[in-house]
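**Q** model the structure of this input:
(chains A and B)
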Amino acid sequence: MSEHLSEIEVILKKSRVIVTVGSGGVGKTTSSIAMALIGARLGKKVGLLSIDPAKRLADALGIKLGSELRRVELKANIKGTLDAAMLDQKAVFDQMVTRFAPNPQVAQKIFQNSIYKEVSTNLGGPLEYMALAKLETMLRTGGYDLIIIDTPPDSHALDFLARPNILAGFVETGVMSWMIKPFHIAQKLGAGAIFKAGGKIMGGISSITGMKMLKLLAEFLVMMEDVIIGFNRVGRDVSIALKADSTGFVLVSAPYNNAVRSAQHLLKELKANNYPLLALIMNRNLPFDLQRSIRGYSKTGAVDPLLTPGFDIIASRQQYAASLAEQLLVKARESAGKGVHLLLLEEQGQMIHSEETLWSFADALCKARTFGDE
Amino acid sequence: MLQESLSELLSKKLVFVTGKGGIGKSLVSSALAFEARKLGKKVCLVESSANDQLAPLFGSAPIGHQLRELSPGIFVINLNAQDNFKDFVIKHLGFAKLFEKVFTKPIVRSFIQMLPGIAELTLLGRLFYFVELDSENKFDIVIVDSFASGHFYSLMRTPDAVMQSGMSGPVIEETTRVRNFLNDRSKVGVALVTVPEELIISEALDFSQRLAKDSPATLTTIIANRLWPEVPGSSRPLDGSLEASRAYWISQRKSQSENLVRLKDGIFAINPKLPIVVLEECGAFEEPLAAQTMQDWIEGAKKL
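**A** Down below sits the predicted model:
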């Protein structure tokens, strides 16, 4: 490899934790994997954590969806290593319960609680939260020079970084003890005591959801008390780790209106949380050759009118993409400083479904054009 | 003339528009709203997103949990979970006093967030309200610029999940009502937006299958968006550099045609009667959207 490192290589070389954010459908997971591969090629021990697992990409690297980090056996001969986990919600949730429950009996009871079953399989929030827990484990047990986290695909990816605080609030406002106390009593004295201990509020809620639901929920909370406190500690540790200097954010976008709007929204959130932005990646641009080609076209030119429908589409897409890229870069530099670059990648002609195609995407990322340099 | 399967869609009282992220759900929802308006309907366009997608399309200030008339006859609202819960308890369950006494307390609000499925349930409840119970506004059609497919599937699974959750009382009665409503094909429709790309078509087929199996609301039509125009058979020669542009157009069209065949075969295997329409690629739409442009675009839909 030559001594001259590309923009993305420089960033990967100096970072310990990189969080990728972006809206759905912009190639965020693919970009995260490509960065992990580049990091490994630079000789780093890389850990990749995807909370937005795409089965196709997992298959491409022979990764099983689950909760465990596994070594990825790469065909390419490189200096570093890559471990990856594509998180499956229930598996991670179960693992956390096992870790924090006071004893195996309580863990078993939690697994059987119907609210737990519902929460652990159907809710999006906990998965994101669990990912933080996984990250904490990775940071704590060490062994990684570079950790890349691929966040959930919506525009509120940063909610998930704020989650430790939500949970902290939950414990601190006393919800836990308020909820749990009457039920500790109830477990001793029978359900009727709930109303006495919980007063009007309990009665109020139960008049809407029914008693059984309340009992289940309380049972759930009582059992989860230790687990939630454990989560909370993990969350705080992760928050601290994310504020550390060696953590940075890479924002992935695409030349579509809504993707750029989401990106701008994320920029604001990053700024508000004091999270450093390292780079912007804009995927799915028209091929650079095509962009050069279409510049020769103008509606008034000597082109056969039969060809205008298709050419108009290309021309308007190119124009739009350029103005969106500029708009995004201006905003990014306003909030994160002049040093931030926007890396432009061409749309991928082939489907990414193998290690080879992922490597060619990684190479494209290294060779990406920086917006403004033509 | 509006394509037949789209007129069927617009004959419903409630229309969900879903599909993978970033493929034109909001544009299709807005175009359907403009078209419904043209048919003389009073339209309510709904989104439920902290990151408002509709406001910029209408050139408006951010849309909140308050109905606003953004274009004559088109009302827009952005529903959020907390206000949904409040409306649900007060307007559906009729517990206004209880709400004031109990649910305004911060402690209870935290507690409510713990209830599984509550955000989804109350959102469905609100939609049911707008369609069936809102005697003040009396909308003819409610169009929901809905969640991406995975989340939409969870939304549709919520009523059954709640009914099996061990709750009882008013919530279950209300959920049963909402579920029966969603199951009424004459009133509720679902449009799945997709684009003719290999991966996205695979996901659309997978989603259609799961929805057909598990959801009370059923697919009404599949909308394949962004189809490039046909490449003319012959034309005057081009100067050298423009050949690359024509070659790109030809290759796009070719791969799209292959993917449309896959979509057609796949959907036929799931439900032979489910119609597929294609909408043409337009490059980019100017914002704010013009009613005429959107109507022309949606009326240009062709049956596959």
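
**Q** list the contacts of stretch A:68-83.
**A** A:36-37, A:39-49, A:61-64, A:84-85, A:138, A:144-145, A:355, A:359 (CB atoms under 8 Å, 6 or more residues apart in numbering or on different chains). Every C-beta, even on glycine, is put in place using the N, C-alpha and C of the backbone.

**Q** if you set the cut-off to 6 Å instead, what comes out?
**A** For stretch A:68-83, the external contacting residues (CB atoms under 6 Å, 6 or more residues apart in numbering or on different chains) are A:36, A:40-41, A:43-47, A:61, A:84-85, A:355.

**Q** of these, closest to chain B?
**A** A:L61 (16.6 Å; CB to the nearest CB).

**Q** the closest one: how many residues sit nearby?
**A** 20 (other CB atoms under 10 Å in any protein chain shown).

**Q** separation between the nearest residue to it once chain neighbours are set aside and chain B?
**A** Spatial nearest neighbour of A:L61, chain neighbours left out: A:V72 (5.1 Å); criterion: CB to CB, 6 or more residues apart in numbering or on different chains. Separation of A:V72 from chain B (CB to the nearest CB, to the nearest Å): 22 Å.

**Q** burial measure for A:V72, as a count.
**A** By other CB under 10 Å, neighbour count at A:V72 equals 19.

**Q** does the residue nearest to B:L274 when sequence neighbours are not counted belong to a helix, a strand or coil?
**A** In this structure, B:L274 finds its nearest non-sequential neighbour in B:I267, 5.4 Å apart by CB to CB, 6+ apart. Following DSSP: H, G, I helix; E, B strand; the rest coil, we place B:I267 in the helix state.

**Q** dihedrals phi and psi, the residue nearest to A:L61?
**A** Main-chain dihedrals, A:V72, degrees, to the nearest 10: phi -90, psi 120.

**Q** now do the helices in chain B.
**A** B:4-10, B:25-38, B:54-57, B:81-87, B:96-98, B:106-114, B:118-128, B:149-163, B:170-182, B:198-214, B:243-270, B:291-299 (DSSP state H).

**Q** name the residues of the first one that are buried.
**A** Residues of helix B:4-10 classed as buried: B:5-6, B:9-10 (neighbour count, 16 or more other CB atoms under 10 Å in any protein chain shown).

**Q** which single residue of chain A ends up nearest chain B?
**A** Closest point on chain A to chain B, by CB to the nearest CB, is A:G24, at 2.6 Å.

**Q** the nearest residue to that residue once chain neighbours are set aside: neighbour count?
**A** Leaving aside its chain neighbours, A:G24 sits nearest to B:G21 (2.6 Å; criterion: CB to CB, 6+ apart). Close neighbours of B:G21, defined as other CB under 10 Å, add up to 21.

**Q** show me what contacts B:G21?
**A** Taking CB under 6 Å, 6+ apart as the test, what B:G21 contacts is A:24-25, B:148.

**Q** could you export the residues you listed as TSV, including neighbour count?
**A** As requested, these are exported to TSV (neighbours: other CB atoms under 10 Å in any protein chain shown):
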residue	neighbour count
A:G24	21
A:G25	21
B:A148	20
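
**Q** just name the closest of those residues to A:A244, please.
**A** Ranked by distance to A:A244 (CB to CB), these are led by A:G24 at 28.6 Å.

**Q** and the helices of chain B: which comes nearest A:V10?
**A** Per CB to CB, nearest to A:V10 of these: helix B:198-214, 31.4 Å.

**Q** returning to what we had before: can I get the contacts of B:G21 in a markdown table with pLDDT and distance to A:R261?
**A** Shown next, in a markdown table, are the contacts of B:G21 (pLDDT from 0 to 100; distance: CB to CB, whole Å):
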| residue | pLDDT | distance to A:R261 |
| --- | --- | --- |
| A:G24 | 78 | 13 |
| A:G25 | 79 | 13 |
| B:A148 | 84 | 16 |
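
**Q** so which of those comes closest to A:A321?
**A** When the contacts of B:G21 are compared for distance to A:A321 (CB to CB), A:G25 wins out at 15.2 Å.

**Q** which pLDDT does the model give the residue nearest to A:C366 when sequence neighbours are not counted?
**A** Ranked by CB to CB, 6+ apart and with sequence neighbours excluded, the top spatial neighbour of A:C366 is A:S6, at 4.3 Å. pLDDT for A:S6: 95.

**Q** which stretch in the helices of chain B is the model least sure about?
**A** Within the helices of chain B, confidence is poorest for helix B:106-114, with a mean of 61 (mean pLDDT).

**Q** out of the contacts of stretch A:68-83, which sit inside helices?
**A** Per DSSP H, the contacts of stretch A:68-83 map to helices at A:36, A:40-41, A:355.

**Q** quick check: buried residues in stretch A:44-59?
**A** A:44-54, A:56-58.

**Q** ok, back up a step: kindly reformat the contacts of B:G21 as a markdown table and extend each row with distance to A:L344.
**A** Listed next are those as a markdown table, based on distance: CB to CB, whole Å:
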| residue | distance to A:L344 |
| --- | --- |
| A:G24 | 20 |
| A:G25 | 17 |
| B:A148 | 25 |
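
**Q** go through the residues you listed and name the one nearest A:L345.
**A** A:G25 (14.5 Å).

**Q** hang on, the closest one packs against B:G22?
**A** Yes: between A:G25 and B:G22 there is a contact under CB atoms under 6 Å: 3.2 Å.

**Q** pLDDT below threshold where in the stretch 201-350 of chain A?
**A** By pLDDT under 70, the weakly predicted segments of the stretch 201-350 of chain A are A:201-232, A:235, A:245, A:298-302.

**Q** what about 90?
**A** A:201-247, A:256-259, A:261-262, A:265-266, A:269-270, A:272-275, A:295-306, A:348-350 (pLDDT under 90).

**Q** dihedrals phi and psi, the single nearest residue of chain B relative to chain A?
**A** Using CB to the nearest CB, the closest approach of chain B to chain A is made by B:G21 at 2.6 Å. The phi and psi torsions at B:G21 (degrees, to the nearest 10) take the values phi -60, psi 140.

**Q** what's near enough to touch A:L146?
**A** Here A:L146 is in contact with A:39, A:44, A:46 (criterion: CB under 6 Å, 6+ apart).

**Q** can you rerun that using 8 Å?
**A** A:12, A:15-18, A:36, A:39, A:44-47.

**Q** cool, and A:L5?
**A** A:K13.

**Q** show me what counts as buried in stretch A:310-320.
**A** A:310-318, A:320.

**Q** what segments of the stretch 1-150 of chain A are helices?
**A** A:7-14, A:28-41, A:55-60, A:89-100, A:104-112, A:114-122, A:124-141 (DSSP state H, counting those that start in this stretch).

**Q** right, is stretch A:8-22 up against chain B?
**A** No: legend: contact between stretch A:8-22 and chain B by CB under 8 Å from any CB of the partner chain is lacking; minimum distance shown is 10.3 Å.

**Q** distance between the ends of that stretch?
**A** 17 Å (CA to CA, to the nearest Å).

**Q** thinking again about what came up before, dump the buried residues of stretch A:44-59 into JSON lines; add distance to chain B and pLDDT as well.
**A** Listed next are the buried residues of stretch A:44-59 as JSON lines, based on distance: CB to the nearest CB, whole Å; pLDDT from 0 to 100:
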{"residue": "A:K44", "distance to chain B": "30", "pLDDT": "97"}
{"residue": "A:K45", "distance to chain B": "31", "pLDDT": "97"}
{"residue": "A:V46", "distance to chain B": "25", "pLDDT": "97"}
{"residue": "A:G47", "distance to chain B": "26", "pLDDT": "94"}
{"residue": "A:L48", "distance to chain B": "21", "pLDDT": "93"}
{"residue": "A:L49", "distance to chain B": "19", "pLDDT": "88"}
{"residue": "A:S50", "distance to chain B": "15", "pLDDT": "84"}
{"residue": "A:I51", "distance to chain B": "13", "pLDDT": "75"}
{"residue": "A:D52", "distance to chain B": "10", "pLDDT": "66"}
{"residue": "A:P53", "distance to chain B": "11", "pLDDT": "64"}
{"residue": "A:A54", "distance to chain B": "9", "pLDDT": "71"}
{"residue": "A:R56", "distance to chain B": "7", "pLDDT": "75"}
{"residue": "A:L57", "distance to chain B": "11", "pLDDT": "79"}
{"residue": "A:A58", "distance to chain B": "14", "pLDDT": "83"}
